[in-house]
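Visitor: predicted coordinates and the sequence they were generated for:
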Amino acid sequence: MKLIALRCPVCTQPLAPENDDIVVACGHCRAEVAIGQDGPSQINVRYALPAGARPEMNPWYPFWVFSGQVQLQHRETQGGGRSGQKEAEALWSAPRRLYVPAWELSMHTAQDVGSRLIQQQPQFQLVERPEQAQLVSAVVTPGDARKLLEFIVLAVEARRSDWLKDLVFHLALGEPELWAIPVKSNER
């Protein structure tokens, strides 16, 4: 067994992550810190403000954001209707940002939040970390985010009105980035 000192790599103050936390903000210097098998390391978190939001909003929630495309290979419905197929082709025809919530929440809520952002493609402005920003700890690894993204895509397609029977798709993704986005309480 290997014991690792959980100290901030920036200010050397002790960290107090919960059992499932993989990214936390240092309570002393507010540096973003990844908790890995080799110990804590500083991680780059991109702070993104939705249009019309104020930078002093709190808290800021972590999302794994992939740039990429969903490539539909096969989509079959119960009745053979084409309306859902056309909607799916329109949605996935171009590369887009694909959002996966990374904080502790139910699978259903993660799917709802991720689906909404993926379909709406809101405009975000990347900003320097606001001075008073409170980052919620991330508990989803990049690998698990890829798996959760598959579930989110499947859920988007299953919600169409054409009674999805079978779906085969491929995710062509770049490397994920960890973004922090302030989320209003009614959007979580």
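Guide: Structure's in. What do you need? This is a predicted model, so every value here is computed, not measured.

Visitor: from the chain's centroid, how far away is stretch 91-98?
Guide: In terms of CA atoms, centre = their mean, to the nearest Å, the centre of stretch 91-98 is found 15 Å from the chain centre.

Visitor: flag every buried residue along it.
Guide: For stretch 91-98, a neighbour-count test (16 or more other CB atoms under 10 Å) marks 91-92, 96-98 as buried. (Glycine included, C-beta is placed from N, CA and C.)

Visitor: with stretch 124-137 instead?
Guide: By neighbour count on 16+ other CB under 10 Å, the buried set for stretch 124-137 is 124, 129-130, 133, 135-137.

Visitor: kindly export it (C-alpha atoms) in PDB.
Guide: Extracted in PDB, the C-alpha atoms of stretch 124-137 (Å, rounded to 0.1, in the frame of the first residue of the first chain):
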ATOM      1  CA  PHE A 124     -20.000  30.400 -23.400                       C
ATOM      2  CA  GLN A 125     -17.300  33.000 -22.800                       C
ATOM      3  CA  LEU A 126     -14.100  31.600 -21.300                       C
ATOM      4  CA  VAL A 127     -13.000  33.900 -18.500                       C
ATOM      5  CA  GLU A 128     -10.200  34.000 -15.900                       C
ATOM      6  CA  ARG A 129     -11.200  32.200 -12.700                       C
ATOM      7  CA  PRO A 130     -13.400  34.700 -10.800                       C
ATOM      8  CA  GLU A 131     -11.900  35.800  -7.500                       C
ATOM      9  CA  GLN A 132     -14.700  34.400  -5.400                       C
ATOM     10  CA  ALA A 133     -15.500  31.300  -7.500                       C
ATOM     11  CA  GLN A 134     -16.400  28.300  -5.500                       C
ATOM     12  CA  LEU A 135     -15.700  25.100  -7.500                       C
ATOM     13  CA  VAL A 136     -17.800  22.000  -6.700                       C
ATOM     14  CA  SER A 137     -15.600  18.900  -6.600                       C
END
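
Visitor: neighbouring contacts of it?
Guide: The contact list for stretch 124-137 (CB atoms under 8 Å, 6 or more residues apart in numbering) reads 17-18, 21-25, 30, 32, 45-51, 55-56, 58-62, 103-104, 179-181.

Visitor: what about the strands in the protein?
Guide: Here the chain has its strands, by DSSP state E, at 23-25, 32-36, 39-42, 45-50, 60-77, 96-101, 124-127, 164-173, 177-182.

Visitor: would you turn those strands into JSON lines with mean pLDDT and distance to residue 150?
Guide: Putting the strands of the chain into JSON lines (pLDDT from 0 to 100; distance: least, CB to CB, whole Å) gives the following:
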{"stretch": "strand 23-25", "mean pLDDT": "97", "distance to residue 150": "22"}
{"stretch": "strand 32-36", "mean pLDDT": "95", "distance to residue 150": "23"}
{"stretch": "strand 39-42", "mean pLDDT": "94", "distance to residue 150": "28"}
{"stretch": "strand 45-50", "mean pLDDT": "96", "distance to residue 150": "23"}
{"stretch": "strand 60-77", "mean pLDDT": "96", "distance to residue 150": "10"}
{"stretch": "strand 96-101", "mean pLDDT": "98", "distance to residue 150": "10"}
{"stretch": "strand 124-127", "mean pLDDT": "95", "distance to residue 150": "23"}
{"stretch": "strand 164-173", "mean pLDDT": "95", "distance to residue 150": "7"}
{"stretch": "strand 177-182", "mean pLDDT": "97", "distance to residue 150": "19"}
